[in-house]
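*Asks:* Sequence first, then the predicted structure, then my questions.
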Amino acid sequence: IYAAIKFFLYTLIGSVLMLVGIIVLYLYAGKTFDILELTTKTYPYTMQVWLFWAFFSAFAVKVPMFPVHTWLPDAHTEAPTAGSVILAAILIKMGAYGFLRFSIPLFPEAATAMTPTMLTLSVIAIIYGAVICLAQTDLKRLIAYSSVSHMGFVTLGIFALNSQGLEGGILQMLNHGVVTGALFLSVGIVYDRTHSRQIADYGGLATHMPIYAAFFMVFTLSAIGLPATNGFIGEFLIILGGFTANKLAGVLALTGVIIGAGYMLWLYQKVFFMEVNKKVVGLPDMDIRETIALLPLLFLVFWIGVYPNSFLSFMHASVQHLIERVNMPGGMQEANIAKTLMEVVR
């Protein structure tokens, strides 16, 4: 109940502020909700800033960005496995999509002006989420805080407002959904057997569940960003874009990658190696149903990691149009705006 009420309050406050912003847009733009028409309007800079923050309040909660992230660990901890997978793979991507679909195209001048603030919040989320993971004792709570860190990379890439950052951020949205969803499914597999999420209740699991250990290792290495896995190319592009936008942000984001490798390898060591815990003795390995459920995610980890251009190629035109929208002084002509938004949606 606590987690549900907390999530409700965060979402309510953010959504109300966004609703106010939508009403202001409706009245200013001649009483229309048509996004293409709204984007053809030129808004005063001060108005853009206020509306940007109104929309930001809703999208930041969904990502979630620091400091409105505290609902996520509680929600993941209380949710069933399927709920955690949907939350990680789909729901929290809606906030990042909102930035790409609404905040940046509608308020390009404000987005550019707010870039230092957005980069700062993103870097804080990356490092803060990673450091907090080192102190966790609950498997799902650790993965939840890792999501805060990984989504910090996504927002860093988006608000770098360059091609590398935007493409990396969009790709990392997909990567995070695949890997974090797989990790939550993996935790659900052992939770069904032991009814415990405490890291201390595991140890030596690789001896009794070798197939499970192999799957978890691949997903762990992907979360770290090992080359040839999907996590590498997304984070690489984001760090490159972040470094281009702000050198300090790029360096600090790289620090987050190092800390992330530390807590994920620590987790793997504690759960699968070390001394065998008597609670895991005799646990059956993954059955065919569980293996089939994880195989498509395993395939995506290597497909995106080895052939990233099969996904990035779909983003090039959309990203370039969005960058043109941000960089063009005084807005764009209606035809170009329509083309930009349709490309972004596509």
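*Replies:* It's in.
*Asks:* which regions of the stretch 51-200 of the chain sit below the pLDDT cut-off?
*Replies:* Along the stretch 51-200 of the chain, no part satisfies pLDDT under 70.
*Asks:* which stretches of it form helices?
*Replies:* 71-78, 81-86, 93-98, 104-106, 108-113, 115-133, 139-160, 163-194 (DSSP state H, counting those that start in this stretch).
*Asks:* Now render those as TSV, adding mean neighbour count and distance to residue 282.
*Replies:* No exception for glycine: its C-beta is placed from N, CA and C like everyone else's. TSV is the format used below for these (neighbours: other Cβ atoms under 10 Å; distance: least, Cβ to Cβ, whole Å):
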stretch	mean neighbour count	distance to residue 282
helix 71-78	20	27
helix 81-86	17	22
helix 93-98	18	39
helix 104-106	23	54
helix 108-113	20	56
helix 115-133	21	30
helix 139-160	27	20
helix 163-194	23	10
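*Asks:* In TSV: these, plus distance to residue 57.
*Replies:* TSV is the format used below for these (distance: least, Cβ to Cβ, whole Å):
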stretch	distance to residue 57
helix 71-78	14
helix 81-86	23
helix 93-98	11
helix 104-106	15
helix 108-113	14
helix 115-133	13
helix 139-160	14
helix 163-194	20
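*Asks:* and of these, who's closest to residue 221?
*Replies:* helix 163-194 (9.7 Å; Cβ to Cβ).
*Asks:* For the most centrally placed residue in the chain, give me its contacts.
*Replies:* Centroid-nearest residue in the chain, with Cα atoms, centre = their mean: residue 151, separated by 3.1 Å. By Cβ atoms under 8 Å, 6 or more residues apart in numbering, the contact set of residue 151 is 63, 64, 65, 92, 96, 125, 176.
*Asks:* Tell me the one among those nearest to residue 182.
*Replies:* residue 176 (10.6 Å).
*Asks:* wait, what's in contact with the closest one?
*Replies:* Residue 176 touches 88, 93, 147, 150, 151, 154, counting by Cβ under 8 Å, 6+ apart.
*Asks:* Among those, which one lies nearest to residue 265?
*Replies:* residue 150 (16.0 Å).
*Asks:* Tell me how far residue 251 lies from residue 16.
*Replies:* Using Cβ to Cβ, to the nearest Å, residue 251 is found at 38 Å from residue 16.
*Asks:* swap that for residue 261, sorry
*Replies:* 40 Å.
*Asks:* More neighbours: which of the two?
*Replies:* More crowded of residue 261 and residue 16, by other Cβ atoms under 10 Å: residue 261, with 17 against 13.
*Asks:* Strands of the protein, start to end?
*Replies:* In the chain, no segments count as strands under DSSP state E.
*Asks:* Could you give the number of residues near the closest residue to residue 75 other than its chain neighbours?
*Replies:* Leaving aside its sequence neighbours, residue 75 sits nearest to residue 3 (Cβ to Cβ, 6 or more residues apart in numbering; 5.0 Å). By other Cβ under 10 Å, 16 other residues sit near residue 3.
*Asks:* and residue 3, what is it in contact with?
*Replies:* 71, 74, 75, 77, 78, 79.
*Asks:* my guess is the fourth one contacts residue 143, does it?
*Replies:* No: judged on Cβ atoms under 8 Å, residue 77 makes no contact with residue 143 at a distance of 10.1 Å.
*Asks:* Could you pull out the helices in the stretch 201-346 of the chain for me?
*Replies:* So, for the stretch 201-346 of the chain - with DSSP H, counting those that start in this stretch - the helices run 205-208, 210-224, 230-245, 247-272, 288-306, 309-312, 316-327, 334-345.
*Asks:* Give the buried residues for the fourth one.
*Replies:* Right, helix 247-272. By neighbour count on 16 or more other Cβ atoms under 10 Å, the buried set for helix 247-272 is 249-250, 252-253, 256-257, 259-261, 263-264, 267-268, 270-272.
*Asks:* now the angle from it to helix 210-224?
*Replies:* 170 degrees (axes from the mean of the first three to the mean of the last three Cα atoms, to 10 degrees).
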